[in-house]
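Engineer: Can you look at this prediction? I've put the sequence above it.
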Amino acid sequence: MTVVVSDRVAAKREVRRIKNLPTVPGIVAKISRLVENPETSAAEVGRLITQDQVLSAKVLRMANSAFFGMSRKISSIASALMILGFDVVKGLVLTSSVFDMIQKSMAGLWEHSIGCAAASGAVATALGRDDAEEILVAGLLHDLGKVVLALNMQEEMALIRGKVEREGLLFYEAENAILDFHHGEIGQWLAEHWNLPESLAEPMRLHHNPERAVVYPECTAIVHLSDIIIRGWGFGYAGDPLVPPISMAAWEMLKLKPSDFGSILDLLEPKLANLSELTRQSG
């Protein structure tokens, strides 16, 4: 499929017309409806997820991975819900449902995504936030727009990759030059298509421009910083070999000091050392 872009509205329309645009798994829609009911118990949601044995196994594998560093093994979906919360498990269900597409779309993108998730959790923990698990899920999903590009706009993707290689651009800079929009905006449209919460949608859209975030600016800033940390680490491949500069607005918003990186890296290093096992098991 070739998209001729004349403006952003037309581009958004064309992206939404893509027949292979991933649809939110039916189980996620059911979980969302259950979670919206304040009387829903963890056991009820757990029973729904466990109806899909393959999905349950993937969720438990991720829940027990280096992401969370739990001191005890999470042995059931109900336990995962009690320990991690509804929103985090819903995010893991969603990611587990689409990770095959992530792996097939771009070499190294799955590894980059789980690395960014681990970094997001480490930064949030170092900052003393009590929503580190939710921010981790935002980091996990931040580059899903690239999946749509890679699977459905191959000609444009080839042009973008060529521009990255010839001109030494960041991937999103090449996207803007070729398409006049980038994967973050596609991620926003995908989030709308999936009816995802704004706590995930805004970081997906603005992780390259965190200064523009207005609803969840700190979450977006953490994902922005984590994306850069994991690129600098060389874990996975996000589409170009470059390490972008840190947004000063994000840096100031998070009130970080250069010395804080020591504690962040101390938290992150063992997680990344163990995540290769998750990558192999997910294959």
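Structural biologist: Ah, there it is.
Engineer: What's the per-residue pLDDT of the residue nearest the centre of the chain here?
Structural biologist: Nearest to the mean C-alpha position of the chain, counting by CA atoms, centre = their mean, stands Leu141 at 1.7 Å. pLDDT recorded at Leu141 is 89.
Engineer: One more: the one 5 residues further on?
Structural biologist: Listed pLDDT for Lys146 reads 91.
Engineer: Then His183?
Structural biologist: His183 is given a pLDDT of 94.
Engineer: Count the residues that sit near it.
Structural biologist: His183: 28 surrounding residues under other CB atoms under 10 Å. In this view, the C-beta of every residue, glycine as well, is placed from N, C-alpha and C.
Engineer: Please report how far it lies from Asp130.
Structural biologist: Noted for His183: a distance of 30 Å to Asp130, by CB to CB, to the nearest Å.
Engineer: check which helix or strand covers the residue lying closest to Ile102 once chain neighbours are set aside.
Structural biologist: Using CB to CB, 6 or more residues apart in numbering and skipping residues adjacent in sequence, the residue nearest Ile102 is Trp110, 4.8 Å away. Assessed by DSSP states H and E, Trp110 sits inside helix 109-126.
Engineer: Distance from the chain centre to the very next helix or strand once past that helix, please.
Structural biologist: Per DSSP H and E, the first helix or strand lying C-terminal to helix 109-126 is helix 132-141. Centroid separation between helix 132-141 and its chain, computed with CA atoms, centre = their mean, to the nearest Å, is 7 Å.
Engineer: Same check on stretch 47-64?
Structural biologist: Centre-to-centre, stretch 47-64 and its host chain are 19 Å apart (CA atoms, centre = their mean).
Engineer: what's near enough to touch Leu144?
Structural biologist: Contacts for Leu144 (CB atoms under 8 Å, 6 or more residues apart in numbering) come out as Val98, Ile102, Gly187, Leu190, Met204.
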